[in-house]
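S.K.: Give me coordinates for this.
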Amino acid sequence: PMTVPLPAGYSVRPPTADDIPMMVELFTTSSLHDVGESQVTAEEIARQFSMPGINIHDIAWLVFNSDEQLIGMGLAASFPPFVQIYGLMTIHPDYREQHVVDYLTERILKQAETYVPNAPEDARVEIVAGVDGRNQWLQGVLRDLGFVKARGFFEMKIDMDTQPPEAQFRDNLSLRPLEAARGR
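M.R.: Okay, here's the model as predicted:
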């Protein structure tokens, strides 16, 4: 049973495909606020929802305020061999009250617990929460929960004014598409 209730008037339910536009709006608003940019698309969310082994109704939750506005989302998913559990949480910047954070955190952690019995007996199971390094709010939430930063990644990009020159290869090298059907 949940020990952290949502405030009166708030509601929670699993997402459906019809909710994807609202979810894009929530992720975009939160990301623009926290890191200054957003790369979330409806296609990306739909692709993740349709991954094999995913039953989105069991692993994700949408939180709505009393005006039926989507203000938060949480998710916990894992795949065999169940040694990494992927957690995700976003909350609209105007609704980051502690009770919403605590509610979604509890849902994520309770869902994560359901995967542990499926992991190999001697395995170390971890919850992985990917966070943009510029997102100070979510880093603080995770730090307060006792999470520690295990690794970081940097994305490098360059805006080019022209196409790069065609690649030049040595005599015995060539570039060709992968031919998956032939095992190459």
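S.K.: for the chain, what spans make up the helices?
M.R.: Per DSSP state H, the chain carries helices over the ranges 20-35, 42-49, 56-59, 98-115, 136-144.
S.K.: what sits up against the helix or strand of the chain with the lowest mean pLDDT?
M.R.: Every helix and strand of the chain was ranked by mean pLDDT, DSSP states H and E. The lowest is helix 56-59, at a mean of 90. For helix 56-59, contacts defined as CB atoms under 8 Å, 6 or more residues apart in numbering pick out 14, 15, 16, 49, 75, 76, 77, 111. C-beta here means a position set from N, CA and C on the backbone, and glycine is covered the same way.
S.K.: Swap in 6 Å and give it another go.
M.R.: 14, 15, 49, 75, 76, 77, 111 (CB atoms under 6 Å, 6 or more residues apart in numbering).
S.K.: What subset of the residues you listed is buried?
M.R.: The neighbour count (16 or more other CB atoms under 10 Å) marks 15, 49, 75, 76, 77, 111 as buried among those.
S.K.: rewinding a little: out of the helices of the chain, which is closest to residue 8?
M.R.: Smallest distance to residue 8 across those (CB to CB): 10.8 Å, for helix 98-115.
S.K.: Would you pull up how far the closest one lies from the middle of the chain?
M.R.: 14 Å (CA atoms, centre = their mean, to the nearest Å).
S.K.: buried sites along that helix?
M.R.: 100, 101, 102, 103, 104, 105, 107, 108, 111, 112, 115.
S.K.: CA-only coordinates of it in CSV, if you can.
M.R.: Output in CSV follows, covering the C-alpha atoms of helix 98-115 (Å, rounded to 0.1, in the frame of the first residue of the first chain):
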residue,chain,number,x,y,z
GLN,A,98,7.2,17.7,-1.8
HIS,A,99,4.1,15.5,-1.6
VAL,A,100,4.1,15.0,-5.4
VAL,A,101,7.8,14.2,-5.5
ASP,A,102,7.4,11.8,-2.6
TYR,A,103,4.3,10.1,-4.2
LEU,A,104,6.0,9.5,-7.5
THR,A,105,9.3,8.5,-5.8
GLU,A,106,7.4,5.9,-3.7
ARG,A,107,5.6,4.5,-6.8
ILE,A,108,8.9,4.2,-8.7
LEU,A,109,10.7,2.5,-5.8
LYS,A,110,7.8,0.1,-5.1
GLN,A,111,7.7,-0.9,-8.8
ALA,A,112,11.5,-1.3,-8.8
GLU,A,113,11.2,-3.8,-5.9
THR,A,114,9.0,-6.0,-8.1
TYR,A,115,11.9,-6.6,-10.5
